[in-house]
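Peer 1: can you look at this prediction? I've put the sequence above it.
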Amino acid sequence: SFSIYHPLPPSNMLSSRLSLLSRRVRLAPSRFMSASPEVVPDAPASAHAQLPYVAPLREMNFVLNEVHNAPEHYQKLGFEDCTPDFLDAINSECAKFAQEQIAPLYSSGDAEGCTYQPNTDVTTPAGYKEAYKNFSEGGWNGLTVPEEWGGQGMPLSMGVVKSEIIGAANWSWAMYPGLSMGAMNTLLLHADDQQKQTYLTKLASGEWSGTMCLTEPHCGTDLGQVATRAEPNGDGSYAVTGTKVYISGGEHDLAENIVHIVLARLPGAPAGTKGISLFLVPKYVPGEDGELNEESTKAKNVTCVGIETKMGIKSSATCVMGFENSKGWLIGEENDGLEQMFTFMNTARLGTAMQGVCHMERAYQGALPWAVDRASMRSLSGKKYPDDVADKIIVHPDVRKNLLTIKALCEGGRSMIYDAALKADGMIADDEAAREKCEEELGLHTPTLKAFLTELGVEATSLGMQVYGGAGYIKDYGMEQIMRDARISTLYEGTTGVQALDLIGRKILLDKGKELSKQVKLQISEAARIGTSQTARNHGLLGHSVEIGKLSAQWATTAARVTMGAASDRDIVGTASTDYLMFSGYLSCGYQWLKMMEAAGKALDADPNMQEADRAFYESKLETGRFYFDRLLPKAYMHRDLCLKNPKSIMSMSLEGWDLATTLPSDSGNAYAGHKAE
């Protein structure tokens, strides 16, 4: 039940299936399989262990096809050829690429990191450039971009599934094409046709990459303080001047050009967030034909001032970008930049939520083999390996609890994200009303997905290290890198506290609970349907259904009680917000587990004579679900109760009660020291 990973089909079988399927859709197999891919050079030797990675395709297919019925969803959207066989073929080929070309670069990339060159270039670790070239030639960058702009025209949700496979194999590498995905979605929805023809097509091919440039040295989350300015040049372009920091993929050697999506202020713009506009600013300005030439590449239009030295994701270049009269073009309407940027942010936050699941998966795949191989002490209930000097540590309750926690959170989190990703397919609908409805629905879930899954991603990586004991702390075994890489996920794209305020403030209180009420009604209805089914009677799901129904109702009433408390003390919104978000997360994950248990039970009932491996798979779903309801869902009640505590114990201490003698050193060494916002 713990070991769920199945080997991939032979490559020639995948090629044949994909070739057959490509005749039924508008895809050429060569777009996904480079006939003669550039050889990725051997990674340099390092002190890091190279933990193996195998994409959990059986798990992914179960969630897509049996829990969320993605093929039927795609049929309704007009993607008639997105059958289970087609989805499996695409995901299998992506897994093959990830396992063979980028997973082997995971530890060596961390050891080598990125290098800032005297000429302001940035070089990535050995093998990264070749892997990116093969990725682009395979058509993966443009998988979900419409065909008219050079893509494959697949649903957005297929890109989310792709991002799990690539991200779990090597998150740092995956950030480069991942940022391009957000830029492409922004241009797709807000850019004019000329901008799309020049830039979107190049992003889709992977020839150029993209970034998002929001944060400045003096402001991160509070974008109302953005000081970067954009002055009209008189020819339809703008001169953009300012400094942006913490820009992932701001400079690198993977693509020939980098397209920066930049927030800046026009002359006379209103103060605060109402005066922010969105601009497209390329590293190199293409010629009139939309191509780079010798003249356009003589000088950079945007310069990397430096790169950060970080705790983790070391092979992802985190840059300080200098804009000095950099030529750019307005995207969409003036002073509408923040709303447009939310397109990018929703994509980025969903992607960051996936980072939590990716690191859970990596931690599980690293910890499980150790637990079944490592021998230490004897089982409390008697010898389990009597011929050995000690029992394998997987027989010990605490080790099993750690592994089951990672497994339950990873699989529940995957289902949460896939559910949201299928909803996000409506973001590119032609009908504006349909897009707005989709964004409102997705908006309720995005903060919880991003914050809950990344917080528990960090927890899961810690538990994975714990399974190793002291060895987990040592670089030689590879587990500590997963935790270092995971730690950033709770910070960028809005910290957990910021996401929590967004959830309870903007998405619930300002919305007057409308979307929340819809979701609560849906969950209560689904829980009742499952609880009264024959499947529930056969597999003991009634109690779990009742619990999800009751907690869903309390999800709404708790929000109402916080709102009532805020009438007399507004600080209660801030003191309750993170606990409310975690309450939402544990409940949402439990709701997904109820649906997964139903799907597993249905499969077992439908085929009593199924193969033993399939039976073990479905039974492990029921067992893991019971563990979640018994050991993890109770945390929802704790967070629910903490939401309603009086804010005074947090807010009453005066500043004199804190140690104000402690200050930052003057030479704290940040990469943008001395660079002031314009």
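Peer 2: In hand now; what should we look at?
Peer 1: going forward, measure contacts between C-alpha atoms and count neighbours the same way
Peer 2: Noted.
Peer 1: which stretches in the stretch 551-678 of the chain count as helices?
Peer 2: Assigned helices in the stretch 551-678 of the chain, in chain order: 571-606, 612-627, 634-643, 648-651 (criterion: DSSP state H, counting those that start in this stretch).
Peer 1: what does the stretch 251-400 of the chain give?
Peer 2: 337-373, 397-424.
Peer 1: next, count neighbours for Glu441.
Peer 2: The tally of other residues near Glu441 (other C-alpha atoms under 10 Å) stands at 20.
Peer 1: actually Gln195, not the one I wrote
Peer 2: Neighbour tally, Gln195, other C-alpha under 10 Å: 18.
Peer 1: picking up where we left off before, winner for burial among the helices of the stretch 551-678 of the chain?
Peer 2: Comparing these by mean neighbour count (mean count of other C-alpha atoms under 10 Å), helix 571-606 comes out on top with a mean of 23.
Peer 1: for that helix, packing partners?
Peer 2: When contacts are defined as 3 or more C-alpha pairs under 8 Å, 6 or more residues apart in numbering; DSSP states H and E, helix 571-606 sits against helix 397-424, helix 432-468, helix 496-501, helix 514-531, helix 534-539, helix 542-566, helix 612-627, helix 634-643.
Peer 1: relative to helix 337-373, how tilted is the second one?
Peer 2: Per axes from the mean of the first three to the mean of the last three C-alpha atoms, to 10 degrees, the angle that helix 432-468 makes with helix 337-373 is 30 degrees.
Peer 1: helix 432-468 versus helix 514-531: what angle between them?
Peer 2: Between helix 432-468 and helix 514-531, the angle comes out at 60 degrees (the same axes, to 10 degrees).
Peer 1: helix 432-468 to helix 397-424, inter-axis angle?
Peer 2: 170 degrees.
Peer 1: what comes up buried for helix 432-468?
Peer 2: 435, 438-439, 441-468 (16 or more other C-alpha atoms under 10 Å).
Peer 1: just want the angle from that helix to helix 571-606.
Peer 2: Using the same axes, to 10 degrees, helix 432-468 lies at 80 degrees relative to helix 571-606.
Peer 1: format the helices of the stretch 251-400 of the chain as JSON lines; extra columns: mean neighbour count and distance to Leu510.
Peer 2: Formatted as JSON lines, the helices of the stretch 251-400 of the chain follow (neighbours: other C-alpha atoms under 10 Å; distance: least, C-alpha to C-alpha, whole Å):
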{"stretch": "helix 337-373", "mean neighbour count": "24", "distance to Leu510": "16"}
{"stretch": "helix 397-424", "mean neighbour count": "22", "distance to Leu510": "22"}
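Peer 1: confidence-wise, which of those helices is weakest overall?
Peer 2: Sorting the helices of the stretch 251-400 of the chain by mean pLDDT places helix 337-373 lowest, at a mean of 89.
Peer 1: contact partners of the lengthiest strand in the chain?
Peer 2: Using DSSP state E, we find that the single longest strand of the chain is strand 318-330. With contacts defined as C-alpha atoms under 8 Å, 6 or more residues apart in numbering, strand 318-330 is touched by 236-251, 277-282, 285, 301-308, 671-672.
Peer 1: what's near enough to touch Leu509?
Peer 2: Here Leu509 is in contact with Thr563 (C-alpha under 8 Å, 6+ apart).
Peer 1: one more: the one 4 residues further on?
Peer 2: For Gly513, the contact set (C-alpha under 8 Å, 6+ apart) comprises Lys507, Ala556.
Peer 1: swap in 10 Å and give it another go.
Peer 2: Counting by C-alpha atoms under 10 Å, 6 or more residues apart in numbering, Gly513 makes contact with Leu444, Ile504, Arg506, Lys507, Gln519, Ala556, Ala559, Ala560.
Peer 1: same check on Leu188?
Peer 2: Val145, Pro146, Trp149, Gly182, Gln195, Lys196, Leu200, Thr343, Ile428.
Peer 1: can you tell me the element it falls in?
Peer 2: Assigned by DSSP states H and E, Leu188 belongs to helix 171-190.
Peer 1: same thing with Ala227?
Peer 2: Here Ala227 is assigned to no helix or strand, by DSSP H and E.
Peer 1: now do the same for it: its pLDDT.
Peer 2: pLDDT, read off for Ala227, is 96.
Peer 1: if anything else comes up later, I'll come back, but that's it for now.
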